[in-house]
Structure formats: C-alpha cells, structure tokens
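Participant: coordinates for the following, if possible.
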Amino acid sequence: MNNPTRLRWGILGAARINERLLPAIVEADNAELVAIASRRPGAGAETLAKYAPKPTGAQCYDNLDALLKDDDVQAVYLPMANQEHAEWALRAIEHRKHVLCEKPMALTIADIDAIEIAARRYNVKVMEGFMYRFHPQHQRVLELINAGLIGEIRSVRASYSFMMRPARLYRLADDTAHGGGAMWDIGCYAIHSLRLFFRQAPLAVSAVSKYVESGADSVTSGIVDFGDGRYGHFDFSFERARRCEYEIIGTHGGIKCHVVWQLPGDVPVISWWTEDGRQAEERLPYSNHFRLEIEHFSDCVLNNRDPALSLDDARANCRIIVAALQAAAEGRTVKI
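Facilitator: This is a model prediction of the structure:
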C-alpha cells in the first residue's frame, strides 16, 4: 500500500551525485525511493547497491522512459548531463512527474519558459536543485544581515574551485554553449549565492575566462553590477584547491561562510566582524543539505506548497550566466 505521507521518487540516471542524493532520498522522513534508471545496462542496480544505506526494494531500469512510465513514481530527480536537463525535465513533466532537476535547470531562458508552461499544464512542481540553499547556515547569515549587524550590503564575493581529476574530465568535453565547463558546473553556485544577498536585478556583467581545447571554460572570474556601487564578485576554477565560500561586506562590517558545500562530517562555520571591534566565529550543528532539500520538495508536493526555489529564480540565474559567458567570450561588459 502506498504511504500518503511519503513522496515516491525515481532517479533518472546513475550519475556520481547519487553518492549524496540517493541516500538522502532513502533517509528522508517524507520520501521513498521506488525506482532508478540508467541507459547503461546494470548501472542503475549497481548505483543502488553502492549508495543505498539499506535495502530499498526499488525497481531498477535500463531504460529512462521505462521509469517515466512507472505509475508508482510520483517525482523524479534528474542528475543527467547539463545539456539534457531541459529535454528530460519536459519528458518527465509530460508523464505527470514532479521534477527536482540538478542545477542548472536549463541552458537557455527559452527552455525554462517551456518547462514552466508544461508544469502548469500538467499541474506538477518543478525546482532547480541548489541543495546548499537548504542548509541552516545560510539562514543564519540572513538573520545576521536582517538584524543590521553589517549595515547595508555593498559587495559579495563568491569563490568556488577544485582540482579537476580524470574521473571528472567529462565536465570539459563540451563547449560552454552545450553545457560544458566550470561556469555551468560550479559557476552557477557562485552566481546563485551572490543573488541570495543582492535581491535587486543586476544591470550588467563583466567576465574573463580560460578555455580548454573543447571550448569549455576551466577558470572564470567576473563582476556583476547591481547598481549604485554594489558589486558581486565571482571566481571559480577547475585548476585550484578546493574552495567553496562567500563573503559579504557591508557598511558596518562583514560576514563569511567558510564552507558552502558541506560534506559528511564538516562543521558549518560562519565568522563575522564589525567596525566597532566586535567579532565572532559561530559553529553550527551538522546538517545534511541534500536530505533537507529532498524533504522540502517532498513536502511541497505532498502538501501543495510552492518550492522555495521558483522557476523565476532559475530564470534569473540563467540570465546572468548566459550574459557572463557572452562577456567572457567577447571581452566586453554585457548589459542584462
């Protein structure tokens, strides 16, 4: 018998992110993993056996469409290649499945518009999978800002990087127009975290990139102009040691989130300072942001609530990314 208090999930793909996402579905209080599919024979079953913390009884398919036709599946998680997100999100929606799509939602605004139209037609929920936003440390940062601790925000710096390893070289196989490179993989986090603290629409973006032979960017840095001297600085790379942090500077002080991508065992740390000499380092309890993301989306479906990350949010992120890629390619500032 189906449990009405648990959302029944299927996973469309045996991607590496399942190492974190698949156990999150299994462990979530309001979710149940009922199926996983891959185009590689046996890969779904292998992924399930590797990452499920306990037996799930989930159905394994060697065909993605077979999972979409499974009436027991209510929602799908989509961790496929970036350039496939829009196509398979639309396919899932047309099968009346709710969709949690790994970032980026799509490579163009037009694709996000099409996803929204389809979601309304078939009455399903769709959300872009920025798991980090569900970690309590970011809410704590917002609480400090809203309390006036650092005054008016004037700049935000977001820096994300890791050294590219052979197992991840597929991220550089395609050019930026087809979803390859650092921008679509980790740069979208940087843009997204800047936007968390600058709530107004940006005016323009400037960027510079280093490209590999395929036309993918391996390093990109730039500035988003939010008007009146308020700037968001982004920097990300596949050629540097692991870094995932942001820092906010206001008129009275600053706040830093030291580790955005929380791994199992990581201790969330936020530090802040003010011009009047106060400073502190806050250590928060461990939280699994993947599980919190799954529980949030499951709750939205089960109780007909709107996801915290809307399709308007996905559009806003995509708009800056596309402009930044254009700015880097053409060597000029691009108005948004």
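
Participant: am I right that residue 252 is in contact with residue 153?
Facilitator: No: assessed by C-beta atoms under 8 Å, residue 252 is found out of contact with residue 153, at 10.4 Å. To be clear about C-beta, it is placed using only N, CA and C from the backbone, and glycine gets the same treatment.

Participant: which one of the two has more residues nearby?
Facilitator: The neighbour count for residue 252 versus residue 153, taken as other C-beta atoms under 10 Å, is higher for residue 153 (19 against 15).

Participant: who's in contact with the more buried one?
Facilitator: By C-beta atoms under 8 Å, 6 or more residues apart in numbering, the contact set of residue 153 is 145, 197-198, 230, 248-250.

Participant: tell me the two of these that are most distant?
Facilitator: Maximum pairwise distance in these, criterion C-beta to C-beta, is 13.7 Å, between 145 and 230.

Participant: just to revisit the earlier point, and the contacts of residue 153, which is closest to residue 184?
Facilitator: residue 198 (21.2 Å).

Participant: just checking, residue 54 touches residue 26?
Facilitator: Yes: checked against C-beta under 8 Å, the pair residue 54 and residue 26 is within contact range at 7.0 Å.

Participant: between the two, tell me which one has more neighbours.
Facilitator: Taking other C-beta under 10 Å, residue 54 and residue 26 do not tie; residue 26 has more neighbours (21 against 7).

Participant: quick one: residues contacting that one.
Facilitator: Counted by C-beta under 8 Å, 6+ apart, residue 26 has contacts 33, 52-54, 56.

Participant: what is the neighbour count of residue 113?
Facilitator: Neighbour tally, residue 113, other C-beta under 10 Å: 13.

Participant: oh sorry, the question was meant for residue 41
Facilitator: Residue 41 is flanked by 10 other residues according to other C-beta under 10 Å.

Participant: buried sites along the longest helix belonging to the chain?
Facilitator: Longest helix in the chain by number of residues, with DSSP state H as the criterion: helix 311-330. Across helix 311-330, burial judged by 16 or more other C-beta atoms under 10 Å covers 311, 313-325, 327-329.

Participant: export it as CSV, just CAs?
Facilitator: Taking only C-alpha atoms (Å, rounded to 0.1, in the frame of the first residue of the first chain), the coordinates of helix 311-330 have been written out as CSV:
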residue,chain,number,x,y,z
LEU,A,311,11.3,29.0,-11.8
ASP,A,312,11.7,32.8,-11.7
ASP,A,313,14.8,32.2,-9.6
ALA,A,314,16.1,29.7,-12.2
ARG,A,315,15.5,32.2,-14.9
ALA,A,316,17.3,34.9,-13.0
ASN,A,317,20.3,32.7,-12.5
CYS,A,318,20.4,31.6,-16.1
ARG,A,319,20.1,35.2,-17.4
ILE,A,320,23.3,36.2,-15.5
ILE,A,321,25.2,33.0,-16.5
VAL,A,322,24.4,33.5,-20.2
ALA,A,323,25.4,37.2,-20.0
ALA,A,324,28.7,36.3,-18.2
LEU,A,325,29.6,33.7,-20.8
GLN,A,326,29.0,36.2,-23.6
ALA,A,327,31.0,38.9,-21.7
ALA,A,328,34.0,36.5,-21.4
ALA,A,329,33.8,35.3,-25.0
GLU,A,330,33.5,38.8,-26.4
